[in-house]
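**Q** could you look at this predicted model? Sequence included:
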Amino acid sequence: MKIVFIILLLLHSLLAAEYEESNDYVLGEGMQVGSMPLYVGGYLSADYTNIEDTGLNQLRADDIAFLAYGSADKFSYMAELEFKEFYVKQWINGTSTTQKNTKLHIERLYLDYNFNENFVLRGGKFNSPIGYWNMIPINVLRDTSSNPLVNSMIYPKYTTGLDLSYSSYGDAEIKVDMLVQNNKDFDDDYNNLKVDKHYALGVEYTDNDLSLKYNGGYFHTVDPLVSDKNLYYSLIALKYDTDKYKIMGELGTQFDKSHSVVPYSGYIEGLYRITPKHLPTIRFESYESKSFGQTQKDSFLVLGYTYRPVYPVAFKAEYQMHQEDAQNKTILSFSVLF
Amino acid sequence: MKSLLYILLIPLLSYAQEFVVVMQKNSALGNLSQAKVKMIFLKKQKMSQDILLVPINLPPSSSIRKSFEKQVLGMSRNRLKSFWTKEHYLGHRPPLTMKSSRSTLSFVEKIDGAIGYIPAKEVNANLKILYKWKSK
């Protein structure tokens, strides 16, 4: 029944997209509630994965999320609640398992205060402003169904604390972020790392189509698997985005006081806009990890293709070819932002 | 005869209309670079000193808007569409849209921080010109 409901929602989204020019509501831009400073929207994503080497097949209704945001005078806010892995069915060697997760997680919940044209203070739970991929991590807005591994191996994806940003606007834009977390996460089930401390600094330079970014930081884990670890990270990122193509890359490292935990993890990706609807992507990823006393390394190629009938609706297909890990896989996904 | 007709038509064909980005006359902003106009209309720069900036767009079908997007923002309509879709996820709204340059002018005159683009010939004494461009 839930699957039927999701399919009906998707069809509704597509039909709404067809008529977007004739209505005030524009698919992918949310809608205002009355005349209040409140806009609502959301997104959802479903995917199918086949891992060749293990014979695993998986069908997921993954992200089902609701957004609410607005601004009044110098204040603005954002709330995002999400069902993560709402429905997961797996088949392997003739047996199947089904999981349903109906807990609604707090993905983001924050308040911004604009002091003036240069300084903004953010408090709450937010995407850690690290690299480029982590800023827009949801399926419908990213370039491939899968995330590059650097996005989950090096730093906490979410921070619950304060972020003071300084922006300077000349012919180029320079942005500096200083973030502090000295408490547990609002919802630490919903983060790649369970942390109770996170201090970081980021510097970003943007000149027209070119952006460069550096992030460095420290965090303390409270994860039962890697408890009481003090870890440091450093990441550089580059993005060159034009009307026709985009090149993006990130390279990070993670270490403690005595040795390197993740000596390197990174990717370089190219996306070509044949038309706004047809977007092939190629990404090369490589990493080496020494977590838990074991050395793991792999390099792999991701070949992807995205069809967007309208921008906020994405049908994606990708194939991953791994050099070391038995992880060659095909991923198909559908996602929509409303 | 044909040659004469072409000679007469050339000045008409090469006529480029001039447009301007304007704010209230007493606003703190002075002459802006193209990059700065872009930052304001993409809402990267949200304030000028202590005043919230309110960029104003014309309707999508407006030829002035098309010229503004192409020549000042340097972005295609599709790229802008994807930009504002991403901004929706980040909790930011696209600029307000006014029906005409006349309503833009009237809005800019009345609202502190409002900034819009109109044909240069419509500028009056209550407005300050921050940036000029000619249609191609």
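**A** Ah, there it is.
**Q** could I get the pLDDT score of the residue lying closest to residue B:96 once chain neighbours are set aside?
**A** Residue nearest to residue B:96 in three dimensions, not counting chain neighbours: residue B:56, with 5.5 Å by C-beta to C-beta, 6 or more residues apart in numbering or on different chains. Heads up, the C-betas are built off the backbone N, CA and C, glycines and all. Residue B:56 is assigned a predicted lDDT (pLDDT) of 98.
**Q** do the same with the one 4 residues further on
**A** pLDDT, the model's per-residue confidence, is 94 for residue B:60.
**Q** over to residue A:291?
**A** So residue A:291 comes in at 83 (pLDDT).
**Q** ok, and the closest non-adjacent residue to it?
**A** Leaving aside its chain neighbours, residue A:291 sits nearest to residue A:261 (5.8 Å; criterion: C-beta to C-beta, 6+ apart).
**Q** tell me how far the nearest residue to residue A:295 once chain neighbours are set aside lies from residue A:299.
**A** Of all residues not flanking residue A:295 in the chain, residue A:288 sits nearest, at 6.9 Å (C-beta to C-beta, 6+ apart). As judged by C-beta to C-beta, to the nearest Å, residue A:288 and residue A:299 stand 10 Å apart.
**Q** repeat that for residue A:28.
**A** Between residue A:28 and residue A:299 the computed distance is 35 Å (C-beta to C-beta).
**Q** neighbour-wise, which of these two wins?
**A** Higher neighbour count among residue A:28 and residue A:299: residue A:28, with 26 against 14, using other C-beta atoms under 10 Å in any protein chain shown.
**Q** continuing past the one helix or strand residue A:283 maps to, what's the next helix or strand?
**A** According to DSSP states H and E, residue A:283 maps onto strand A:278-289. Counting by DSSP H and E, the next helix or strand C-terminal to strand A:278-289 is strand A:296-307.
**Q** what residues sit buried inside that next one?
**A** Buried residues in strand A:296-307, counting neighbours by 16 or more other C-beta atoms under 10 Å in any protein chain shown, are found at A:300, A:302, A:304, A:306.
**Q** now the helices: where do they sit in chain B?
**A** Remark: helices assigned in chain B by DSSP state H are B:2-13, B:34-41, B:63-67, B:77-89, B:101-110.
**Q** any low-confidence regions in the chain?
**A** This is for chain A. A:1-23, A:226-227 (pLDDT under 70).
**Q** look at chain B instead
**A** Within chain B, the stretches with pLDDT under 70 are B:1-15.
**Q** got the residues of it near chain A?
**A** Contact residues (C-beta under 8 Å from any C-beta of the partner chain) of chain B with chain A: B:33, B:35-36, B:39, B:44-50, B:52, B:74-76, B:78-79, B:81-82, B:84-86, B:88-91, B:93-94.
**Q** the helix or strand hosting residue A:174: partners in the sheet, and parallel or antiparallel?
**A** Residue A:174 is part of strand A:173-181, with elements assigned from DSSP H and E. Take DSSP bridges as the rule and strand A:173-181 pairs in its sheet with strand A:158-169 (antiparallel), strand A:195-207 (antiparallel).
**Q** can I get the ones you listed in CSV including distance to residue B:62 and mean neighbour count?
**A** Below are the strands paired with strand A:173-181 laid out as CSV (distance: least, C-beta to C-beta, whole Å; neighbours: other C-beta atoms under 10 Å in any protein chain shown):
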stretch, distance to residue B:62, mean neighbour count
strand A:158-169, 26, 19
strand A:195-207, 28, 18
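**Q** mind checking which of those strands is nearest residue B:130?
**A** The closest of the strands paired with strand A:173-181 to residue B:130 is strand A:158-169. By C-beta to C-beta, the value is 13.8 Å.
**Q** quick one: the residue nearest to residue B:96 from chain A, how far?
**A** Plainly put, residue B:56 is 17 Å away from chain A if you go by C-beta to the nearest C-beta, to the nearest Å.
**Q** in this structure that residue contacts residue B:114, no?
**A** Yes. In this structure, residue B:56 is within contact of residue B:114 by C-beta atoms under 8 Å, at 6.1 Å.
**Q** shared neighbours of the two, anything?
**A** B:107, B:108 (C-beta atoms under 8 Å, 6 or more residues apart in numbering or on different chains).
**Q** residues touching the residue nearest to residue A:295, list them.
**A** Counting by C-beta under 8 Å, 6+ apart, residue A:288 touches A:262, A:263, A:264, A:265, A:295, A:296, A:297.
**Q** quickly list what it is bridged to.
**A** Beta-bridge pairing for residue A:288 (DSSP bridges): residue A:264, residue A:297.
**Q** assumed residue A:267 was part of a strand.
**A** Yes. Counting by DSSP: H, G, I helix; E, B strand; the rest coil, residue A:267 is located in a strand.
**Q** most centrally placed residue in chain B?
**A** Of all residues in chain B, the one closest to the mean position by C-alpha atoms, centre = their mean is residue B:117, 3.3 Å from it.
**Q** list the buried ones in stretch A:113-124?
**A** Within stretch A:113-124, the residues that count as buried by 16+ other C-beta under 10 Å are A:114, A:117, A:118, A:120, A:122, A:124.
**Q** that stretch near chain B anywhere?
**A** Yes. Using C-beta under 8 Å from any C-beta, stretch A:113-124 reaches chain B at A:114, A:116, A:117.
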